[in-house]
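Colleague: Take a look and give me a structure for this.
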Amino acid sequence: MTDVLRRILAFGSIAVLMPLAAMAQGAPAAPPPVTVAKPVVRDVIDSDEFIGRFQPVDEVSVRSRVGGYLQEVHFEDGALVKQGDLLFVIDQRPFITALNQAKAALEASQSTLVFADAQYKRAQSLASSGSQSAQTLDDRRREFDSAQANVRGAQAAADRAALDLEYTEIKAPLSGRIDRRLISTGNLVQADQTVLTTIVSLDPIDFYFDVDERRLLNFADTARKMGTDLQLGGGGVDVSVTISDPTAKPFKGKLDFAENRVDNESGTIRIRARLANPDLVLQPGLFGRVQVAASNTYKAILVPDEAIGSDQNERVVYVVADDGKVSTKPVRPGPRLYGYRVIREGLDGTETIIVNGLMRARPGSKITPQMSELPQERQDTAPEAASAENGQ
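Modeller: Model (predicted):
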């Protein structure tokens, strides 16, 4: 191939490529595709999360009402006991002797009463015929009244002795889990002083947690709108408590009490929830996290977390106009509910927002919107509580 021919071919290639390059430079690039959707609008109830501890509804330190030497123990350490079960027996022999003495004294006083009654009736008969003086009749009546009083006193002493004998058998005052025995057989038990063991009830069980002043006012206002008081449980507000075991499902219960004053040092108030515990999984002293409804039902704007961006110190959502132009709207996020983030301020629910592909969008630019529909609840993310979120 000659040099002349090479120059002709090279010039022809350049002549062809130059129009193509000019056409490529002049054609505008298509806007990037981005997934958009309408926010979810639904009725919700806010919830707050707190840390607390389980406590028994009832707890008792078992003591003896009579003193004596411990003779028998009738339970296994840590067992479940029912109200009325026999737990301990104090040596009964001194109390049996005391009861026998009291019964004997009662019989003697009853015999004296029978004799005094006969003497009084005889004196009445003689006095009516004039054979007995009035003074003697008064003496016989006084002796009869005294004998009656002696019988009542002897009966009370016998009842007391029988009660003391009954107290030597120490029974469970409530149903629940018993602790270990704190004293062994053969030891001296002081009446009303020596602690023999403790019992805690397990079903139902209480959960106590502390609420700060700000959220306390919110809870109290919600309770008033329901026509009740927070101190009465806010009308039985539903709660859900989770424990450290990740495999355990949340335990359901209701608020039933709040203290009547805010603690001066901590600025908190203690609130109680009561939960059913039929399987006895929950134990007194366990820590847990409680979720409490913190508002009445209201319409909420819900968006995915990935739809919320940042602009310096603001949280923003990317809004798409009908022509595909992108702009930002500052928003105030709230709690996470139903897998979404509640938007407190900034949206009214009619906007079209970018839900996926924020990196391909810029304020003022255009996109190719790909419309999608958000489900009412996302199952891949469990509902969370409204604690310490930005903008709350």
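Colleague: domains in this structure, as residue ranges please.
Modeller: For the chain, the structural domains run 31-42+297-369, 47-54+201-290, 64-187, going by the TED database.
Colleague: Please enumerate residues in contact with the strand or helix carrying Gly309?
Modeller: Here Gly309, judged by DSSP states H and E, is contained in strand 308-311. Here strand 308-311 makes contact (C-beta atoms under 8 Å, 6 or more residues apart in numbering) with Arg315, Val316, Val317, Tyr318, Thr328, Pro330, Val331, Pro333, Arg341, Leu358. From N, CA and C alone the C-beta is placed, and that goes for glycine too.
Colleague: got the contact list for the second one?
Modeller: If you count contacts by C-beta under 8 Å, 6+ apart, Val316 has them with Ile308, Gly309, Ser310, Thr328, Lys329, Pro330, Val331.
Colleague: Where does it sit, in terms of helix or strand?
Modeller: Secondary structure assignment for Val316, by DSSP H and E: strand 314-320.
Colleague: centre of the chain versus that strand, how much separation?
Modeller: Put simply, strand 314-320 sits 39 Å off its chain's centre (C-alpha atoms, centre = their mean, to the nearest Å).
Colleague: so what strands line up beside the strand holding Gly309?
Modeller: Its sheet considered, strand 308-311 pairs with strand 314-320 (antiparallel) by DSSP bridges.
Colleague: Check which residues of the strand it pairs with are buried.
Modeller: Arg315, Val316, Val317, Tyr318, Val319, Val320 (16 or more other C-beta atoms under 10 Å).
Colleague: could you redo those as CSV and give each row pLDDT?
Modeller: Shown next, in CSV, are those (pLDDT from 0 to 100):
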residue, pLDDT
Arg315, 89
Val316, 91
Val317, 90
Tyr318, 91
Val319, 91
Val320, 89
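Colleague: Looking at those, which is nearest Ser184?
Modeller: Ser184 lies nearest to Arg315 out of those, by C-beta to C-beta, at 66.0 Å.
Colleague: Who is that closest one paired with across the strands?
Modeller: Beta-bridge partners, per DSSP bridges, of Arg315: Ser310, Val331.
Colleague: could you measure it against Val195, distance?
Modeller: Noted for Arg315: a distance of 57 Å to Val195, by C-beta to C-beta, to the nearest Å.
Colleague: follow-up on the earlier one: farthest pair within the contacts of strand 308-311?
Modeller: Thr328 and Arg341 (16.2 Å).
Colleague: Buried residues, stretch 73-81. List them.
Modeller: Within stretch 73-81, the residues that qualify as buried are Val73, Phe75, Val81, counting by 16+ other C-beta under 10 Å.
Colleague: now stretch 42-50
Modeller: Buried residues in stretch 42-50, counting neighbours by 16+ other C-beta under 10 Å, are found at Val44, Ile45, Asp46, Ser47, Asp48, Glu49, Phe50.
Colleague: which SSE is the last one in?
Modeller: Taking DSSP H and E as the criterion, Phe50 maps to strand 47-56.
Colleague: Which elements pack onto that strand?
Modeller: Secondary-structure packing of strand 47-56 (3 or more C-beta pairs under 8 Å, 6 or more residues apart in numbering; DSSP states H and E): strand 205-212, strand 287-293.
Colleague: residue ranges for the strands of the stretch 101-250 of the chain, please.
Modeller: For the stretch 101-250 of the chain, applying DSSP state E, counting those that start in this stretch gives strands covering 169-171, 176-178, 188-189, 195-200, 205-212, 238-242.
Colleague: Of these, which shows the lowest average pLDDT?
Modeller: Mean pLDDT per stretch puts strand 238-242 lowest among those, at a mean of 88.
Colleague: buried residues in that strand?
Modeller: Val239, Ser240, Val241.
Colleague: what does that strand contact?
Modeller: Taking C-beta under 8 Å, 6+ apart as the rule, strand 238-242 contacts 207, 248, 250-255, 273, 275, 288-293.
Colleague: try 7 Å
Modeller: 207, 250-255, 273, 275, 288-293 (C-beta atoms under 7 Å, 6 or more residues apart in numbering).
Colleague: In its sheet, which strands sit next to that strand, and in what direction?
Modeller: Strand pairing for strand 238-242, using DSSP bridges, gives strand 251-258 (antiparallel), strand 287-293 (antiparallel).
Colleague: got the ones you listed as JSON lines, with mean neighbour count columns?
Modeller: Listed next are the strands paired with strand 238-242 as JSON lines, based on neighbours: other C-beta atoms under 10 Å:
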{"stretch": "strand 251-258", "mean neighbour count": "19"}
{"stretch": "strand 287-293", "mean neighbour count": "20"}
